[in-house]
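Q: Give me the fold of what follows.
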Amino acid sequence: MSNTEKEIIRSLGRVEGRLGGIDENLNRIVERLDTHSKRLGSVEASLANIKGKATVWGLIAGTSVSVLFSLLKDKIFKI
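A: Have a look, this model is predicted:
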């Protein structure tokens, strides 16, 4: 085996090692992305729950104010 062939094999080994390192980094990044995706999913679910509750409480508050205004209006203009 000539020196050139040995250098090529050594270079290929270094490239293979670097690719292995890149693959490990990509696996870590994918794991972190999965974690963030799960967190975002739970946040979105919480927001949907909050929106539903806010809608109900807004409906209750709006109805209450409307009824109260109607009662006060009748009493004020009855005089």
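
Q: Please count neighbours and contacts with C-alpha atoms only from this point.
A: Fine.

Q: Give the residue spans of the protein that score low on pLDDT.
A: Across the chain, the ranges flagged by pLDDT under 70 are 78-79.

Q: Tell me where it has helices.
A: Along the chain, the stretches classed as helices by DSSP state H are 3-78.

Q: show me what contacts L26?
A: L26 sits next to no residue when contact means Cα atoms under 8 Å, 6 or more residues apart in numbering.

Q: how close does G20 get to R14?
A: 10 Å (Cα to Cα, to the nearest Å).

Q: hmm, I was thinking of R32
A: Following Cα to Cα, the distance that separates R32 from R14 is 27 Å.

Q: Can you give me every residue that contacts the most centrally placed residue in the chain?
A: Most central in the chain under Cα atoms, centre = their mean is L40, positioned 2.2 Å from the mean C-alpha point. By Cα under 8 Å, 6+ apart, no residues touch L40.

Q: What's the separation between it and K51?
A: 16 Å.

Q: do the same with F77
A: For F77, the distance to K51 equals 38 Å [Cα to Cα].

Q: just K73 next, same as before
A: Counting by Cα to Cα, the gap from K73 to K51 is 32 Å.

Q: again with L72
A: L72 is 31 Å from K51, by Cα to Cα.

Q: Repeat that for R28.
A: Taking Cα to Cα, one finds R28 at 35 Å from K51.

Q: for M1, same thing?
A: As judged by Cα to Cα, M1 and K51 stand 72 Å apart.
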